[in-house]
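Colleague: Okay, here's the prediction I keep looking at, along with the sequence it came from:
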Amino acid sequence: MIVRIALLLVLAASIGASAQPPERGPADLKTLPSDRQVTSVAYCNGAYRLALKDGTVRTFKEYDLAFKIDTGAAGPAKGRPALVATGRVGDRAFLVFSELDELKDALTTRC
């Protein structure tokens, strides 16, 4: 009985692994549309307000926005942080900077 359960678990794991899509590399963050290029970041009362290059503003709660740095070839251009959606309904995102100093300079408290 235990052997059958073990075999079923192994079979289920192998089927699940083969059903997953192949891994993709990150998108080229230098070529994002203007609605994903951030021009300013402001923090106030537990929320981040991101002004985007297309003129719109997105607001994220503290725990819904994560900050990342990508210094690689596919990372964002200097001075143009990229907004990368991570949640299923657009409620979570990564804000990706080209270098650490850019991240430090971008974060300000403005209400």
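Modeller: In hand now; what should we look at?

Colleague: Which parts of this structure are strands?
Modeller: Per DSSP state E, the chain carries strands over the ranges 38-44, 47-52, 57-61, 65-69, 82-85, 93-97.

Colleague: got the buried residues for the second one?
Modeller: Residues of strand 47-52 classed as buried under the neighbour-count rule (16 or more other CB atoms under 10 Å) are 48, 50, 52. The C-beta positions use only the backbone N, C-alpha and C, and glycine is treated the same way.

Colleague: Tell me which residue lies nearest the centroid of this structure.
Modeller: Phe94 (2.7 Å; CA atoms, centre = their mean).

Colleague: Skipping adjacent residues, who's closest to that one in space?
Modeller: Val84 (4.4 Å; CB to CB, 6 or more residues apart in numbering).

Colleague: thinking the one you found is in contact with Asp28, fair?
Modeller: No: at 11.6 Å, Val84 does not count as touching Asp28 under the criterion of CB atoms under 8 Å.

Colleague: State the mean pLDDT of stretch 50-64.
Modeller: Over the span of stretch 50-64, the pLDDT mean works out to 95.

Colleague: ah, wrong one, I meant stretch 71-89
Modeller: 90.

Colleague: which parts of it are buried?
Modeller: For stretch 71-89, by 16+ other CB under 10 Å, it's 75-76, 80-84.

Colleague: Helices of the protein, start to end?
Modeller: 2-19, 100-106 (DSSP state H).
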